[in-house]
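>>> The sequence and its predicted three-dimensional model are supplied below.
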Amino acid sequence: MPGGRLTQQERQQIALGVADGLAYAEIARRLDRPTSTITREVMRNGGPTGYRADLAQRATERRAHQRRQAAPRGPQAPEQAHGRDPEAVREYEETFTTVLIQTGTPKMMARVLTCIYTSDAGSLTAAELARRLQVSPASISKAIAFLEGQGLVRRERDERRRERYVADNDVWYQSMIASARGTAQLAETARQGVGILGRDTPAGVRLENIARFVDFVSESITRAADQAREILHTQPESASDGTGTPPGGAAPGLES
């Protein structure tokens, strides 16, 4: 399997594959690259709807130039635990941050959230965040205030009475439930239109079908979130079998 940076020709092949609707795994297979490399490349350069090979090449060259310029300044990157590849970790953090931004999270808030989620402790102090991101304490304070307001982080005191910011895993459950409620409201609104436009009219039929579809999706999301909630608070078994399956072979509450 080839290593090193993606070439411009490979990026052109990625762009063609994305345009053709190929799965990242298939594009990776054709290029003899890890799927994670393709996923990271696309997500950090416009996503599946905005990826362009020439723009991705220029953006990569620009980032490399910026890193070379920044290298002499500031502290060196901290040594990675567990024998991790620092470059792979940094690139993954960029990818995770990009995905958060694309879901609507402001950039600094996304960077802070990524730092917390990718830390082994699952929490960081303001000083640790400022040091890792090389930004001012004021920027961290503003980001934390936003994330707290969204229910994405909470504050705890450690044994040294320092405030630590913790990414609450249950936020993913709450997010799914909020999404389900939003779609349920859409279904209710569509059904109001059926009553106004007439059940037997083309517009009424269209709105009724939308309501039925959205109802099904909303109920499925809620049911799946309730059944899988425990996953967010359990320690996975050793990944020796490569499946990452929770104890018992299935997600808690999910029948095969």
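Cool, the structure landed.

>>> So the protein: which segments form each domain?
With domains defined by automatic domain parsing, the chain comprises 8-63, 86-167, 170-234.

>>> Quick one: residues contacting the residue lying closest to D168 once chain neighbours are set aside.
Closest residue to D168 apart from its sequence neighbours, by C-beta to C-beta, 6 or more residues apart in numbering: R154 at 5.3 Å. Bear in mind the C-beta positions are built from the backbone N, C-alpha and C, glycine included. If you count contacts by C-beta atoms under 8 Å, 6 or more residues apart in numbering, R154 has them with 148, 165-166, 168.

>>> Most neighbours of all these, which one?
Y165 (24 neighbours; other C-beta atoms under 10 Å).

>>> where are the low-confidence patches of the stretch 51-200 of the chain?
65-81 (pLDDT under 70).

>>> Is the residue nearest to D168 in a helix, a strand, or coil?
Classification of R154 using DSSP: H, G, I helix; E, B strand; the rest coil returns strand.

>>> Can you name the residues bridging to it?
V166 (DSSP bridges).

>>> what residues does whichever strand or helix holds V18 touch?
Element membership for V18 (DSSP states H and E) is helix 8-19. For helix 8-19, the external contacting residues (C-beta under 8 Å, 6+ apart) are 6, 26-27, 30-31, 33, 38, 41-42, 48, 51-54, 56-57.

>>> Drop anything exposed from these.
The neighbour count (16 or more other C-beta atoms under 10 Å) marks 6, 27, 31, 33, 38, 41-42, 51, 53, 56-57 as buried among these.

>>> Helices - which of these land there?
Residues of these located in helices (DSSP state H): 27, 31, 38, 41-42, 53, 56-57.

>>> quick check, nearest of those residues to M109?
Nearest to M109 among these is V42, at 22.7 Å by C-beta to C-beta.

>>> Let me see the confidence value for that closest one.
pLDDT recorded at V42 is 89.

>>> Find the nearest non-adjacent residue to it, please.
The shortest distance from V42 to any residue other than its chain neighbours is 5.0 Å, reached at Y51 (C-beta to C-beta, 6+ apart).

>>> For M108, give me its contacts.
Contacts of M108 by C-beta under 8 Å, 6+ apart are 135, 139, 142-143.

>>> need the next SSE after whichever helix or strand it is part of, C-terminal direction.
M108 is located in helix 107-117, with elements delineated by DSSP H and E. Beyond helix 107-117 in the direction of the C-terminus, DSSP H and E gives the next helix or strand as strand 123-124.

>>> For stretch 213-233, which residues meet the burial criterion?
214-215, 217-218, 221-222, 225, 228-229, 231.
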